[in-house]
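In: Show me the folded form of this:
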Amino acid sequence: LSLSGQIDLASTLIFTGLANIITGMTFKVPMCVQPMKSIAAVALADKLTNPQIMAGGILTGTIVAVLGLTNLIGTVNSLVPDPVVRGLQLGLGLKMFKKAVQMLPNEGVPSWDASLWIQWDGYMTATLAFAFTIIFVRSSRVPTAFILFVSGLVIAAIRLSENGGHFGMGLSEVKLVHISGTDWLVGLLQGAIPQVPTTLLNSCIAVCRLSEDLYPGRVTGVNVRTVSSSVGLLNLVFPWFGGLPVCHGSGGLAGQHRFGARTNLSIIVLGICKMLPGICFSAGLLQLLQHFPSGFLAAMLAVSAFELASAARSGLAGDSDDVRMCLLTCCFVVFFNTAIGFIVGLIAYYVVQLSRGVIGAEDDVKDARTKWSHNIARVKLGLSMAGKGRRPSSFHPHREAV
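Out: Numbers count the residues shown, from 1 in each chain. Reported below is the predicted structural model:
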């Protein structure tokens with residue numbers, strides 16, 4: 001997003017770092033601060049502008065804060081069916097993977113031209129980086145993202161030097177983001193609508209349950225109301241100054257715990273490590289990122305897409321109606337856009353639920369059809385045998401007729 005000019009790197013580092021520090025001082029666990037994945041995925045796939053991204057974050061923050069402060073979060077979350085949420089995640093994951101492929105030479109169109117393979121931005125680099133990430137992504141001893149990022153920075157520094165560039169330093173400037181009426185509308189439809197259900201489910205409800213499992217008996221300050229209020233207030237303020245919309249998440253908390261973090265100190269230190277480069281040399285860091293191997297970026301983005309899409313696996317493991325709703329939502333997200341996918345999926349889900357209330361679930365319908373066919377066959381058999389003057393011992397004319 002920084003390389004494409006959709007967000008300001010300095011503002012993002014400064015305000016996400018500040019969000020880390022505030023979070024660390026609020027909760028007594030290593031509560032992560034991470035980008036809102038649905039908004040980031042839509043921004044990458046549909047090329048949203050900076051004001052549109054920030055509008056999506058502000059609107060999401062407003063909705064989540066109101067629901068958290070009024071204790072309505074559970075009620076609203078129950079109205080958004082899980083298959084639709086999973087369909088959104090699957091569709092956004094596929095769109096993100098498409099974006100990763102388009103970062104490759106020739107926009108990912110296969111070619112055996114050696115010049116497209118043997119270069120830092122080529123297919124070979126992306127293949128090796130992707131294989132490394134896929135193999136070690138679940139390893140607790142090999143920080144794959146950190147290794148790729150540091151390796152990419154080293155390569156970028158070499159390429160920057162070869163091109164006669166220099167690493168710039170200087171204090172960063174933070175500006176107020178101006179959001180138009182169109183930006184608010186796009187932010188609502190493309191950003192807030194797909195993000196709110198995910199935030200309620202993963203950033204507010206699931207993360208609280210995980211905290212209870214990881215730190216039983218500890219006074220952590222983590223509950224649905226405080227977490228949703230935290231997410232809401234962070235996004236009500238920071239996006240106005242260019243800070244990327246952020247949330248808490250169960251996956252991030254699990255990752256922090258897996259790599260050894262047990263207290264809020266790790267989050268505070270991480271926040272300081274973000275703020276310092278954001279304040280002092282974000283311009284130089286952006287220059288480095290402009291020479292960052294696109295193969296590395298494509299590999300990391302592809303794996304992130306898989307992580308987002310794999311979160312939808314529960315939507316593909318339910319009954320047949322839920323699977324259809326998940327895939328229907330996914331298809332409309334991929335082939336149209338996120339807002340249309342959400343609306344179509346939501347309407348279709350409740351139409352199916354209404355029909356199930358009238359004619360019964362699919363299994364009930366199948367059972368009824370089987371019993372009806374069986375009874376018809378028995379009636380025909382009984383009538384046939386009666387016509388021949390025989391009567392099967394199990395045949396009861398009155399019961400079979402009924």
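In: which residues of the stretch 251-400 of the chain score low on pLDDT?
Out: 251, 255, 258-260, 282-284, 308, 357, 359-369, 371-372, 374-375, 378-400 (pLDDT under 70).
In: Where do the helices of it begin and end?
Out: 265-280, 282-290, 294-310, 320-335, 338-359, 362-387, 397-401 (DSSP state H, counting those that start in this stretch).
In: will you turn those helices into TSV that also has mean neighbour count and distance to Val219?
Out: For every residue, glycine as well, the C-beta is placed using N, CA and C. Below are the helices of the stretch 251-400 of the chain laid out as TSV (neighbours: other Cβ atoms under 10 Å; distance: least, Cβ to Cβ, whole Å):
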stretch	mean neighbour count	distance to Val219
helix 265-280	17	16
helix 282-290	18	37
helix 294-310	21	31
helix 320-335	21	38
helix 338-359	17	38
helix 362-387	12	47
helix 397-401	11	67
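In: and those as CSV, adding distance to Ile147?
Out: Output for those, formatted as CSV (distance: least, Cβ to Cβ, whole Å):
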stretch, distance to Ile147
helix 265-280, 17
helix 282-290, 17
helix 294-310, 10
helix 320-335, 31
helix 338-359, 32
helix 362-387, 48
helix 397-401, 74
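In: From Val224, how far out is Leu201?
Out: Separation of Leu201 from Val224 (Cβ to Cβ, to the nearest Å): 11 Å.
In: again, but for Ala43
Out: Per Cβ to Cβ, Ala43 is found 27 Å from Val224.
In: Which residue of these two possesses the greater neighbour count?
Out: Ala43 (26 against 19; other Cβ atoms under 10 Å).
In: so which helix or strand takes in the more buried one?
Out: For Ala43, the element it lies in under DSSP states H and E is helix 37-46.
In: which residues are contacting that helix?
Out: 1, 6, 48, 52-53, 56-57, 60, 88-89, 92-93, 95-96, 98-99, 190-191, 194-195, 198, 244-245, 301, 304-305, 308, 337-338 (Cβ atoms under 8 Å, 6 or more residues apart in numbering).
In: Now do it against helix 338-359, angle only.
Out: Put simply, helix 37-46 runs at 120 degrees to helix 338-359, going by axes from the mean of the first three to the mean of the last three Cα atoms, to 10 degrees.
In: Quick one: work out the angle between helix 37-46 and helix 320-335.
Out: Using the same axes, to 10 degrees: helix 37-46 against helix 320-335 is 40 degrees.
In: Please spell out which residues along helix 37-46 are buried.
Out: Lys37, Ser38, Ile39, Ala40, Ala41, Val42, Ala43, Leu44, Ala45 (16 or more other Cβ atoms under 10 Å).
In: Could you tell me the angle between that helix and helix 294-310?
Out: 130 degrees.
In: for whatever helix or strand comes next after helix 37-46, packing partners?
Out: For helix 37-46, the succeeding helix or strand toward the C-terminus, using DSSP H and E, is helix 50-69. Contact analysis of helix 50-69 by 3 or more Cβ pairs under 8 Å, 6 or more residues apart in numbering; DSSP states H and E lists helix 37-46, helix 73-79, helix 181-186, helix 193-198, helix 224-237 as its packing neighbours.
In: Quick check: chain neighbours aside, which residue is closest to Cys32?
Out: Gly252 (2.9 Å; Cβ to Cβ, 6 or more residues apart in numbering).
In: Now for Trp120, how many residues are close by?
Out: Neighbour tally, Trp120, other Cβ under 10 Å: 17.
In: List the contacts of the residue nearest to it when sequence neighbours are not counted.
Out: Counting by Cβ to Cβ, 6+ apart, Pro293 is the residue found nearest to Trp120 once chain neighbours are left out, at 4.4 Å. Going by Cβ under 8 Å, 6+ apart, Pro293 touches Trp120, Asp121, Thr125, Ala129, Gly152, Ile155, Ala156.
In: Excluding sequence neighbours, find me the nearest residue to the second one.
Out: Meaning Asp121. In space, and not counting its chain neighbours, Asp121 is closest to Ser294: 4.3 Å by Cβ to Cβ, 6+ apart.
In: Look up how far Ala126 lies from that neighbour.
Out: Distance from Ser294 to Ala126, by Cβ to Cβ: 8 Å.
In: Now the common contact residues for the two.
Out: Common neighbours of Ser294 and Ala126, using Cβ under 8 Å, 6+ apart, are Leu104.
In: tilt between the strand or helix carrying Val150 and helix 294-310?
Out: Assigned by DSSP H and E, Val150 belongs to helix 144-162. With the same axes, to 10 degrees defining the directions, helix 144-162 sits at 160 degrees from helix 294-310.
In: next one: helix 144-162 to chain centre, how far?
Out: Mean-position distance between helix 144-162 and its chain equals 27 Å (Cα atoms, centre = their mean, to the nearest Å).
In: That one - contacts with which helices or strands?
Out: helix 123-136, helix 282-290, helix 294-310.
In: what helices or strands is the last one leaning on?
Out: Counting contacts by 3+ Cβ pairs under 8 Å, 6+ apart, helix 294-310 packs against helix 37-46, helix 82-102, helix 123-136, helix 144-162.
In: any idea which of the ones you listed is most buried?
Out: Comparing the helices and strands packed on helix 294-310 by mean neighbour count (mean count of other Cβ atoms under 10 Å), helix 37-46 ranks first with a mean of 26.
In: That helix - what's its average pLDDT?
Out: Helix 37-46 carries an average pLDDT of 84.
In: CA-only coordinates of that helix in CSV, if you can.
Out: This file holds the C-alpha atoms of helix 37-46, laid out as CSV (Å, rounded to 0.1, in the frame of the first residue of the first chain):
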residue,chain,number,x,y,z
LYS,A,37,-7.3,-7.3,6.7
SER,A,38,-10.6,-6.8,4.8
ILE,A,39,-10.0,-3.1,4.2
ALA,A,40,-6.4,-3.8,3.2
ALA,A,41,-7.5,-6.6,0.9
VAL,A,42,-10.2,-4.4,-0.8
ALA,A,43,-7.7,-1.5,-1.0
LEU,A,44,-5.2,-3.6,-2.8
ALA,A,45,-7.6,-5.4,-5.1
ASP,A,46,-9.8,-2.4,-6.0
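In: just how off-centre is the helix holding Ala43 within its chain?
Out: Relative to its chain's centre, helix 37-46 lies at 9 Å (Cα atoms, centre = their mean).
In: do the same with stretch 29-40
Out: Stretch 29-40 sits 10 Å away from the centroid of its parent chain (Cα atoms, centre = their mean).
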